[in-house]
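**Q** model this:
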Amino acid sequence: MTSTPTDIVRAAFRHYQAQDREAAFPLYADDFTFTSPRDDHIDKAAFFERCFPTADLMKEQRMLQVTPADAELVFAYYEYELAASGRYRNVEAITVRDGLIREVQVYFGGAV
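**A** Sure, this is the predicted structure:
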């Protein structure tokens with residue numbers, strides 16, 4: 001069964017929420033880059049060291065929309081509540097090529 005870019009993005013979010021690094025790691029290309037307001041084009045190793053473990057900071061995270069923009073680009077719009085404070089919404093632009101996540105660009109939203 002072939003997975004679509006949207007399926008791969010949804011799987012990556014499920015594995016993140018479950019903190020299943022072993023299942024998530026193979027979804028990301030070796031030359032993967034991650035960019036957010038706090039991270040500037042970090043590589044796969046740095047992403048899994050610094051960013052992937054942050055799910056424990058959240059009380060809840062839910063996908064609001066996962067939308068393909070074209071054959072490789074998927075937008076993920078989600079809402080989350082931090083255990084320490086507040087509810088927020090973010091958007092991620094995720095490039096999936098040849099069945100692997102190649103790039104994630106996160107755009108932080110404001111408090112809900």
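
**Q** Show the model's pLDDT score for the spatially most central residue of the chain.
**A** Closest residue to the average C-alpha location of the chain: Phe13 at 5.8 Å, with Cα atoms, centre = their mean. On pLDDT, Phe13 comes in at 97.

**Q** Find the nearest non-adjacent residue to it, please.
**A** Distances taken as Cβ to Cβ, 6 or more residues apart in numbering place Met63 nearest to Phe13, at 6.3 Å, with adjacent residues excluded. (C-beta placed from N, C-alpha, C; glycine too.)

**Q** tally of neighbours for the one you found?
**A** Other residues near Met63 number 14, with proximity taken as other Cβ atoms under 10 Å.

**Q** Now do the contacts for it.
**A** Counting by Cβ atoms under 8 Å, 6 or more residues apart in numbering, Met63 touches 10, 13, 76-78.

**Q** for Glu60, same thing?
**A** 80-81.

**Q** could you point out the longest helix in this protein?
**A** If you go by DSSP state H, the chain has its longest helix at helix 5-18.

**Q** ok, back up a step: for the residue nearest to the centre of the chain, give its distance to Phe34.
**A** 14 Å (Cβ to Cβ, to the nearest Å).

**Q** got it, and His15?
**A** Note on His15: its distance to Phe34, by Cβ to Cβ, is 15 Å.

**Q** more crowded one of those two?
**A** Of the pair His15 and Phe34, Phe34 is the one with more neighbours under other Cβ under 10 Å, namely 23 against 19.

**Q** neighbours of Gln65, just the number please.
**A** Neighbour count for Gln65, taken as other Cβ under 10 Å: 9.

**Q** next one: Arg102
**A** 16.

**Q** buried sites along the host helix or strand of it?
**A** Using DSSP states H and E, Arg102 sits in strand 100-111. Buried residues in strand 100-111, counting neighbours by 16 or more other Cβ atoms under 10 Å, are found at 100-104, 106.
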